[in-house]
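1. Sharing a sequence plus its predicted fold:
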Amino acid sequence: MVSVYPHNNGLASVESRVLNLLLLVAVSSSIVNQYLSQAAILLSIVVAIGLQTRAARLNRNVQYRWFVPRDWLFAFLFVVLAALPMAISSDSMRPVDAPLRYSLLLLLMAVLPNFALQAGALLRAISASTIIAVVLVSVFGFHDDALHQAGDEIRINFGLGVLDSAFAAVFYIPFMVAQIYRDRAKPLWIGLGAAGIVAALYISVMTGTRGTWLALVAAPLLSIVLVPQRNLRPAIFTSSAIAALLFTSYFLSDMVRERVDAVAWNIEAYNTDEEIDEENSLGLRLDLWEAALITFSRHPIDGASYQQRAEIKQELIDRGEISQYVDVDGKRSAHNEILNAMSMKGILGLLAVLLLYWVPGRFFRRHAFSAEEGDDISLPAASVIAIAMVVLCGLSEALLMSGRFSILYSFVLVVMYALTVQQAAQGEGR
């Protein structure tokens, strides 16, 4: 009995084609239609387990691996543990909705490397996802509620929500760059990747999601220390080009100009006015962060319940320490991944979020730096930079505990884990 991966007589035929098709549907529809994407993800888990179980029963000479690294297992399960206190205090299971999705994907992670995954096709599907979303929504008006009014601004929802559409698009950009690199001898596919990046930038701009603009400029620079660099010029050029593009959009788009100009008057009003109004989105965020820190100081271990969060906000409003326009709903986000986790789930929540960054980031970075001279590191390098994108976006929003983005983040990283493991196994077999 031997343990194998698909390059060595594993699940490389009909079973793998079926699973690859489901993965392609899940990725390509992930921005424009979350329900189709999540249905495909759920179906891929069921199908993958069923196909591997069936293959193991029919071919007893082959032992297919059921394996999840201990650190990934701990990280994904710890998210559920961190959410349990709030789930109990809220008399519902809603707080563990998103965390349970991480745990569910451990089942897919356990079997996925045994299938012959098509890395090129999956990366092209990622590039196509933003193009599909832009064409269906901006050209054909796919969503009736795509236009979102925010004050005087009209922002576009490309299918995953105004904010999550932008976060998903920028999360995908490093994988589009990897696709272009891997398809560098194929002009048609280079065009697909380039169009995908343009569509992702368009989504980021037209949603007006300022948190993604910082990530777009900073992530390429962070790549200098996150992944092996033989030449610093590409990273510096990329950051400069994106910064120039965003600067140009400032003059071409009224919405972008209003969003950028608002930052200056938001800060000035926050520092000078006795009380900020409901139009000061940055000022309200600063007040929410203050409330989150105070909530954490009072409930540091397992966080505060929804009711306790609401009461603390109301107390701070009554004392004049934060604006009366801060939403006192205890279920609402603190608009910062770390502070939101700390106020809702205490130290447990803080550790959960850090684990979701650190464990996959460490895995992919280790594979990128351990590769031999000449090896293709595009997959682990893209994954590390994509995680950095999420960390930067998390400075202004809470992404990983929401149902819409959490499943996408964890699913894509699980797929990249399987592809990286397969690539490493193929290298060892040479």
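-> Received the coordinates, thanks. Residues are numbered from 1 along each chain as shown.
2. residues contacting Gln307?
-> Gln307 makes contacts with 89, 330, as judged by C-beta atoms under 8 Å, 6 or more residues apart in numbering. For the C-beta atoms, the positions are set from N, CA and C on the backbone; glycine is no exception.
3. For it, what is the enclosing helix or strand?
-> helix 306-318 (DSSP states H and E).
4. I'd like the next helix or strand past that helix.
-> Following helix 306-318 in sequence, per DSSP H and E, is helix 337-370.
5. ok, and for that next one, which residues are buried?
-> Using 16 or more other C-beta atoms under 10 Å as the test for burial, helix 337-370 gives 337-353, 355-357, 359-361, 363-365, 367-368.
6. Gln423 and Ala119, how far apart?
-> 8 Å (C-beta to C-beta, to the nearest Å).
7. Please read the previous query as pertaining to Met93.
-> 36 Å.
8. quick one, which of those two is more surrounded?
-> A count of neighbours by other C-beta atoms under 10 Å puts Ala119 above the other of Met93 and Ala119, at 20 against 12.
9. Isn't that one up against Asp183?
-> No - using C-beta atoms under 8 Å, Ala119 is not in contact with Asp183; the gap is 10.8 Å.
10. which regions of the protein lie under the pLDDT threshold?
-> Scanning the chain for pLDDT under 70 picks out 1-12, 144-153, 230-231, 273-275, 374, 402-403, 427-430.
11. got a list of what the residue positioned nearest the centre of it touches?
-> By C-alpha atoms, centre = their mean, the chain has its centre lying nearest to Tyr409, at 3.8 Å. Residues in contact with Tyr409 (C-beta under 8 Å, 6+ apart) are 171, 356, 390, 399-400.
12. for those, which one is nearest Ile322?
-> Using C-beta to C-beta, Leu399 comes nearest to Ile322 of these, at 23.5 Å.
13. I figured that closest one hits Leu408, correct?
-> No - taking contacts as C-beta under 8 Å, Leu399 lies outside contact range of Leu408: 9.5 Å.
14. which SS class is Met401?
-> coil (DSSP: H, G, I helix; E, B strand; the rest coil).
15. so where do the helices sit in the stretch 101-250 of the chain?
-> Shown for the stretch 101-250 of the chain, the helices assigned by DSSP state H, counting those that start in this stretch span residues 119-134, 162-182, 187-206, 210-226, 233-252.
16. Which one of those lies nearest to Gly283?
-> Comparing these under C-beta to C-beta, the one sitting nearest is helix 210-226, at 14.0 Å.
17. quick one: buried residues of that closest one?
-> Result for helix 210-226 [16+ other C-beta under 10 Å]: buried residues 210-213, 215-223, 226.
18. Equivalent analysis for stretch 49-66, please.
-> Across stretch 49-66, burial judged by 16+ other C-beta under 10 Å covers 51-52, 55, 62, 64.
19. now for the helix or strand harbouring Ile385, which elements pack on it?
-> Following DSSP H and E, one finds Ile385 within helix 378-393. Judged by 3 or more C-beta pairs under 8 Å, 6 or more residues apart in numbering; DSSP states H and E, the packing partners of helix 378-393 are helix 162-182, helix 210-226, helix 337-370, helix 403-428.
20. how about the second one as CSV, C-alpha atoms only?
-> What that stands for is helix 210-226. This file holds the C-alpha atoms of helix 210-226, laid out as CSV (Å, rounded to 0.1, in the frame of the first residue of the first chain):
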residue,chain,number,x,y,z
ARG,A,210,-11.0,53.3,-0.2
GLY,A,211,-9.6,50.5,2.0
THR,A,212,-8.7,48.5,-1.2
TRP,A,213,-6.8,51.5,-2.7
LEU,A,214,-4.3,51.4,0.1
ALA,A,215,-3.9,47.7,-0.3
LEU,A,216,-3.4,48.0,-4.1
VAL,A,217,-0.4,50.4,-3.6
ALA,A,218,1.1,48.8,-0.5
ALA,A,219,0.9,45.1,-1.2
PRO,A,220,3.4,45.1,-4.1
LEU,A,221,5.9,46.9,-1.9
LEU,A,222,5.3,44.4,0.9
SER,A,223,6.0,41.6,-1.6
ILE,A,224,9.7,42.7,-1.5
VAL,A,225,10.0,41.2,2.0
LEU,A,226,7.2,38.6,1.8
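21. Which other helices and strands does that helix contact?
-> helix 162-182, helix 187-206, helix 233-252, helix 254-272, helix 378-393.
22. Indicate which one of these is closest to Leu73.
-> Leu73 sits nearest to helix 378-393 of all these, at 18.3 Å, using C-beta to C-beta.
23. Export the helices and strands packed on helix 210-226 to JSON lines and append columns for distance to Lys331 and mean neighbour count.
-> Converted to JSON lines, the helices and strands packed on helix 210-226 look like this (distance: least, C-beta to C-beta, whole Å; neighbours: other C-beta atoms under 10 Å):
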{"stretch": "helix 162-182", "distance to Lys331": "16", "mean neighbour count": "26"}
{"stretch": "helix 187-206", "distance to Lys331": "27", "mean neighbour count": "20"}
{"stretch": "helix 233-252", "distance to Lys331": "33", "mean neighbour count": "14"}
{"stretch": "helix 254-272", "distance to Lys331": "25", "mean neighbour count": "15"}
{"stretch": "helix 378-393", "distance to Lys331": "21", "mean neighbour count": "25"}
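24. Mind putting the ones you listed into a markdown table with distance to Ile126?
-> What follows is those, written out as a markdown table (distance: least, C-beta to C-beta, whole Å):
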| stretch | distance to Ile126 |
| --- | --- |
| helix 162-182 | 5 |
| helix 187-206 | 7 |
| helix 233-252 | 18 |
| helix 254-272 | 25 |
| helix 378-393 | 10 |
